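Asker: Mind folding the following:
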Amino acid sequence: MVSRRKIKEAHENSVLASFGEYLKGKGQSLTVKTQPDPPDAFVEIDGTDTWIEITDAFYSQDVAISITSYGADDVPHRPSQGGLISDPDEITNKVVSVISEKLNKQTMTSIANSNGKGILLVGLYGPFFDLDEVVNNLPKTLINDLANQQVFGSVYLYETCNTNVHKYKKVL
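Answerer: So this is what the prediction gives:
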């Protein structure tokens, strides 16, 4: 077992590696320069310096705690209690909330002021998240907010397809 911090680092490294593979498939290259946290990484993409922040949208806070505490030896595991989703829009609202939090977070604004706009990678974790459906149902107000903000130059949503592979969709 390992600490929750080490699990977070392994998760971030996995996402950075798979995002690098995604970019490679588009003819681009990604090199991780440093990982100060925050942001999760300063990188170079095709000779251009930028930064990446990684965050996750979970089905619920209960599920988030269960997943992140399961393999950690420094916190007790808290199993998810489950539950029902009565409103399908609740899934998309969780993604909107996570993105909005990052857009309004002072540390993100400060990093953008010092280093220019970065890249936000948002993982979708839960049994009801479908990447295409979430992207297609993002509210126009969020899309407009993303187009007019000064923190992130690109925003991608991703989901896990299988071991060590993520599927990415660019929303900005």
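
Asker: which residues are in contact with stretch 14-34?
Answerer: 40-46, 49, 52, 54, 121, 123, 156, 158, 164-166, 168 (CB atoms under 8 Å, 6 or more residues apart in numbering). Glycine gets a C-beta too; all of them are placed from N, C-alpha and C.

Asker: Could you rerun that using 10 Å?
Answerer: 12-13, 35, 40-52, 54, 56, 119, 121, 123, 156, 158, 160-161, 163-168, 170 (CB atoms under 10 Å, 6 or more residues apart in numbering).

Asker: Drop anything exposed from these.
Answerer: Buried members of those, scored by 16 or more other CB atoms under 10 Å, are 12, 35, 40-43, 45, 50-52, 54, 56, 119, 121, 123, 156, 158, 160, 166, 168.

Asker: what about the helices in the protein?
Answerer: Secondary structure of the chain by DSSP state H: the helices cover 4-25, 61-70, 89-104, 106-115, 131-136, 140-148.

Asker: what's the closest non-adjacent residue to the residue positioned nearest the centre of the chain?
Answerer: Nearest to the geometric centre of the chain sits Val122, at 2.4 Å (CA atoms, centre = their mean). In this structure, Val122 finds its nearest non-sequential neighbour in Leu157, 5.0 Å apart by CB to CB, 6 or more residues apart in numbering.

Asker: Quick one, grab the pLDDT at that neighbour.
Answerer: Listed pLDDT for Leu157 reads 97.

Asker: Could you do Gln81 as well?
Answerer: So, for Gln81, pLDDT stands at 73.

Asker: ok, now how distant is it from Tyr59?
Answerer: 12 Å (CB to CB, to the nearest Å).

Asker: okay, these two: which has more neighbours?
Answerer: Tyr59 (21 against 9; other CB atoms under 10 Å).

Asker: which one of the helices of the chain has the lowest average pLDDT?
Answerer: Among these, helix 61-70 carries the lowest mean pLDDT, at a mean of 60.

Asker: returning to what we had before: quick one: which of the helices of the chain is nearest Pro76?
Answerer: Closest to Pro76 of those is helix 61-70 (CB to CB; 6.8 Å).

Asker: So what sits opposite Glu159 in the bridge?
Answerer: With DSSP bridges as the criterion, Glu159 is bridged to Lys167.

Asker: Pull the number of nearby residues for it.
Answerer: Neighbours around Glu159, by other CB under 10 Å: 19.
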